[in-house]
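Q: Sequence first, predicted coordinates after that:
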Amino acid sequence: MSTGLLTVSPSPHIHTELTVPQIMKGVLLAMVPAFLFSVYNFGISALYVTALTVFFCIGMEYLIVRFIFKRPVTIFDGSAAITGVLLAFNVPSNLPWHILLVGSIVSIGIAKMSFGGLGNNPFNPALVGRVFLLLSFPVQMTSWPVPAASLSLDAVTSATPLGILKDGQRTGERIDQLMAGMPSYSDYFFGLHGGSLGEMSAFALLLGLGYLLYRKIITWHIPVSMIVTILAMTAIFWFVDPSKYADPVFHVLTGGVMLGAVFMATDYVTSPITHRGMLIFGFGIGLLTVLIRLFGSYPEGVSFAILIMNAFVPLINRYAKEPRYGIHHSEKRKLTPK
Amino acid sequence: MNQIIVYTVIILTGIGILAAVVIYFVSRKFAVQEDTRVSAVESVLPNTNCGGCGQPGCHAFAMAVVNAGDLSALHCPVGGNAVMKQVADILGITAVEKDPYIAVVRCSGSFEYRKKTNIYDGTGSCKIAAALYSGDTACSYGCLGMGDCVEVCDFEAMYMDEKTGLPVIIEDKCTACNACVKECPKDILELWPKGKKNQRIYVACLNEEKGSTARKECAVACSGCSKCFEACRYDAITMTNSLAAIDPDKCKLCMECVDTCDVHNIITANVTPEKIQQANEQRLKREERERKKREAEKLAAQQNGNETTPQA
Amino acid sequence: MATRLHHKLKTFRIGGVHPEENKLSGQVPIVPLPLPKMVTIPIAQHIGAPAKITVQRGDTVKTGQIIAVHEGFVSSNIHSSVSGKVGIIEQVMDSSGFKHTAISIRVKGDDWEEYIDRSDTLVEEIEADAKEIVSRIMEAGVVGMGGAAFPSHVKLSVPEGKHVDHLLINGVECEPYLTADHRLMIEKPREIIVGIKILMRALGVKKAIIGIENNKRDAIETFEGLLKEESGISVEPLEVQYPQGGEKQLIQALLNREVPSGGLPADAGAIVHNVGTTYAVYQAVQKKKPLIERVVTVTGKSVKQPSNFLVRIGTPVIDLLIAAGGVPEDTGKIVSGGPMMGKAIADLDVPVAKGTSGILLIPKEESMRAEIYNCLHCGKCIEACPMGLEPYRLLLMSKKGNSEKAKEEHILDCIECGSCSFVCPSNRPILDYIRLGKTELRKTKKP
């Protein structure tokens, strides 16, 4: 009969299983297919790059929390590991270790911990790291090893499909002719082309998306609104002039759209909090991505688009509210049966 | 090349001059006229913005003082009489002296005396716990020990004693700003006159249960035995709901009641043990005298009675 | 399950969560608990003013005798649940977590007041008129038995100028673990239907809907069978979702109407009563039996025999636990009510009150809260909130003491269902702080 002292706390007395470490584990698990594809494509160097960034990111967070914040160490929540993997996913597989170190320091040190750590950073840490590297090491960051040469360590480098397109645009070549010389859509879908580690295979990324949706870690709103916007926008331009603009499917399957839609834009901390806000956010990213790709000087715009929209998140949160019970009572539409 | 430099200099200087002119006119146009005395008063105030005076900050207090033109209802507890004298001088009015106050902790139920009866696992805030239930010990009047008071103290004048689980007030730092008093959901903290020579005396218990129940809940609870009440010569001690309380306005700090308490829960500050001992001896002597006097009277009355009404 | 394929079940539209149901005692019939040796009956078991004590220490009382009368309109009568001698009247810890005045009665025999009809015969003929019904319910001390314990006669007195066209009967029992209402619906459906008719007459409404979640198919089918020939009363299976049993959520689920912010259910044309209350109304009006006993679920994963007991009000909780097989060694927390909204109790002598729907035992390893992380802005609390609020912001506002801002964000609309704290992946104590904010606002309202 002896029970010792009973615990007293305010309700509720039960809690969902889906806690922060569980969510982080879930996200890491969702990244496994894309990671395996990158190893398949780029060989041991993909493994090397990913392991290094994860190690640097976790180490960086550990050092900062331990010696600057002097707080209990938070690395076991898994968020630093996610940033590490995402940073790796966003760089070419032949990047030297010191550049990866710089990227990790910027990602964790500047973009995450200087704002107070998990939950406080306004911009996606992995993307800040990537963009910093892109601007600081443009040559290394844009020479992509070709997957065909995956098993040899000194891989041949080439431009991405989007890069080829941008160069073609600059020199005035016809896009539809350029397109004809490029890999087929199924190659894009399964990731058999040049690019960053994790953005290669739309298929692998969609597997990850499916898992995240199944575990209810994210909702469909951001990925769907972002991809639909890109499809719609590029479709309009393509219909207007197919000789100047690539078709929508090409745009969605190449570059960082899938990676961005599944893992980068859906980051809890840097995305809006309501479903309505998420739809606006996804739309904004899609719009900016297309504008940068078609009219900007960079071939790829997903990273910039997401970072720009990150800055709008507080504003979106302020105005995109969920419907409230009993507030706009008179304005409520009556739902008709059937 | 030179041309470019010249143009640059001209254009930038032009913009600078234009901006300066605009700013000048804007600042003239939208200048706020304020009584200079307000800023003068504000400059002598502590500028801690603690709200202890009842105003929402030092600037508001300064405005209130200037507008009122009378210091009887306005007092800065942090600055005390010295600052109020300065304020009065600035405004050319008479200062009103106020006795300094200090916060006191009216609970002695440390871990040792007041055993836990359950484990509280909600948010570590006294307010939240107090809204949920009567507390994690049997005493429903005592300190909850989660330090909401320490949190609101702007002057670092409080800390939680880890050994007792009770807040401690650092005498030199407490400004009697009232923040902790307002925060405490159990009303454990109270502002008390600092007293002559900083000496003060108070009952550190708020338990209103009947004696036996109170003692079961906490080993040092006031049981309402009334010994201190009987010992007081100045009617400064009142007994309500089996709880003794000292009225600081009536208390003459004679310290005679201190040793009457079985559980030593009449707390003194800055009083030497010798003085308490002296006071106690004095009280015992007095009581002895009174007892003898009473006995003598009784005897006399009996003798008188015997003479007037002879019994069979 | 077949019905599910044909049409989508009704439910409320905003928010909601799906905690594990854990209805361990759903198939266990209600058994009367043996009389305790002593009962302790608090005089404040309901929302509103405490009742005024009319007995003294040493008085002999009968079962069903009134021992405290209501003070004012929003208050409730208290009856002795046993016969015996009145003992000490003092402050006692009750399931609210605070000490309140309670009357203790030492039990002797079971001598009922003569006017009470104790038989099991169903009395279908309703003789009383609307006025009579309300006064009998008031006399019998009937209060809402879903947990909030709001005096029922107050709910039946619709404020002037409001038009009520629906009576909704809450058979949802959306709290995990609890089965008291479920068992009552299976065992006393005919009485509940008479109770519904009584309430309909009192309110003067033509339509009543019993809302039952689809995890209680047996109860739904029982009512469907019995209601075939009844016009005006229908039963509606609802999709399983917490907090469907909230008054506002049930109105949205069944009628697709919303109670305006700060308003009453009557503003949406509906009055909601719990099935337990409806049964108590039947007994009060047809049998003249005051509310002196209720069904209490005793449950928990470690409980030997999860049970549904018919318990006299004032019985100490420990008696129920012993009857259900004792308190397991590893018990870390005991909750009065369900796991989402119930109150943890620290003392096993706490008496069962009119609003006690269940006693839930939680093992040690599940009784403590987990580590708290920073807010990730994942939005799960917003998704879960059945009132469409933004709980994470309300937490911050309350924490900073900015309750006025929180009021603008409709913190007072919060029904304290706990869905936000339940879903928060960072284990943030959202509801703790929202409650704090609400308390502070109520404080500032008073001069």
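A: Structure received. Remember, it's a predicted structure, so these values are computed and weren't measured experimentally.

Q: tell me which element residue A:86 is part of?
A: Per DSSP states H and E: residue A:86 is located in helix A:79-89.

Q: what's the spacing between residue B:178 and chain A?
A: From residue B:178 across to chain A, the span is 28 Å (Cβ to the nearest Cβ, to the nearest Å). Placement of C-beta: from N, CA and C, glycine included.

Q: Up against chain C, what does chain B have?
A: B:117-118, B:121-123, B:125, B:127-128, B:131-134, B:136, B:140, B:209 (Cβ under 8 Å from any Cβ of the partner chain).

Q: Residue A:273 contacts residue C:383, correct?
A: No. Judged on Cβ atoms under 8 Å, residue A:273 makes no contact with residue C:383 at a distance of 9.3 Å.

Q: mind listing what the closest residue to chain B within chain A touches?
A: Distance from chain B to each residue of chain A (Cβ to the nearest Cβ) is smallest for residue A:9, at 4.0 Å. Contacts of residue A:9 were listed using Cβ atoms under 8 Å, 6 or more residues apart in numbering or on different chains, and they are B:120-122, B:132, C:333, C:344, C:369.

Q: 10 Å instead, please
A: B:118-123, B:128-129, B:132-133, C:333, C:335, C:343-344, C:367-369, C:429, C:432 (Cβ atoms under 10 Å, 6 or more residues apart in numbering or on different chains).

Q: So for it, what's the pLDDT?
A: What the model reports as pLDDT for residue A:9 is 92.

Q: try residue B:154
A: 88.

Q: Show the contacting residues for it.
A: Taking Cβ under 10 Å, 6+ apart as the test, what residue B:154 contacts is B:48-52, B:78, B:175, B:177, B:179-180.

Q: From the residues you listed, which land in strands?
A: Per DSSP state E, strands hold no members of the contacts of residue B:154.

Q: which two from these end up farthest apart in space?
A: Within the contacts of residue B:154, two members stand farthest from each other by Cβ to Cβ: B:49 and B:180, at 16.3 Å.

Q: With neighbour numbers in mind, choose between those two.
A: Taking other Cβ atoms under 10 Å in any protein chain shown, residue B:49 and residue B:180 do not tie; residue B:180 has more neighbours (26 against 15).

Q: Could you find the closest non-adjacent residue to that one?
A: residue B:149 (3.8 Å; Cβ to Cβ, 6 or more residues apart in numbering or on different chains).

Q: Neighbours of the one you found, how many?
A: So residue B:149, with other Cβ under 10 Å, has 23 neighbours.

Q: Now it: which helix or strand?
A: helix B:148-152.

Q: mind exporting that helix as CSV, just the C-alpha atoms?
A: C-alpha atoms of helix B:148-152 as CSV (Å, rounded to 0.1, in the frame of the first residue of the first chain):
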residue,chain,number,x,y,z
ASP,B,148,8.8,34.2,-7.5
CYS,B,149,9.8,36.9,-5.1
VAL,B,150,13.5,36.6,-5.8
GLU,B,151,12.7,36.7,-9.5
VAL,B,152,11.0,40.1,-9.3
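
Q: Now, the residues of chain B next to chain C that are in helices?
A: B:127-128, B:131-132 (DSSP state H).

Q: Pull the most distant pair out of these.
A: Most distant of these, by Cβ to Cβ, are B:127 and B:132, 9.8 Å apart.

Q: so the residue nearest to residue B:180 makes contact with residue B:104?
A: No. Using Cβ atoms under 10 Å, residue B:149 makes no contact with residue B:104, being 11.8 Å away.

Q: follow-up on the earlier one: how far is the helix holding residue B:149 from where the chain is centred?
A: Put simply, helix B:148-152 sits 14 Å off its chain's centre (Cα atoms, centre = their mean, to the nearest Å).

Q: what's the answer for stretch C:391-399, then?
A: Per Cα atoms, centre = their mean, the centroid offset for stretch C:391-399 relative to its chain is 28 Å.

Q: same thing with stretch C:340-348?
A: 14 Å.

Q: tell me how far the ends of that stretch are from each other?
A: Distance across stretch C:340-348, first residue to last, is 20 Å (Cα to Cα, to the nearest Å).

Q: And for stretch B:188-203?
A: Counting by Cα to Cα, you get 11 Å between the two ends of stretch B:188-203.

Q: interface residues of the stretch 1-150 of chain A facing chain B?
A: A:4-11, A:13 (Cβ under 10 Å from any Cβ of the partner chain).

Q: Show me just the buried residues among the residues you listed.
A: For these, a burial check counting by 16 or more other Cβ atoms under 10 Å in any protein chain shown picks out A:6-11, A:13.

Q: Tabulate the residues you listed in TSV, adding columns for distance to residue B:7 and secondary structure.
A: Below are these laid out as TSV (distance: Cβ to Cβ, whole Å; DSSP: H, G, I helix; E, B strand; the rest coil):
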residue	distance to residue B:7	secondary structure
A:6	82	strand
A:7	77	strand
A:8	77	strand
A:9	72	coil
A:10	70	coil
A:11	72	coil
A:13	74	coil
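
Q: Out of the residues you listed, which is nearest to residue A:235?
A: residue A:11 (51.3 Å).
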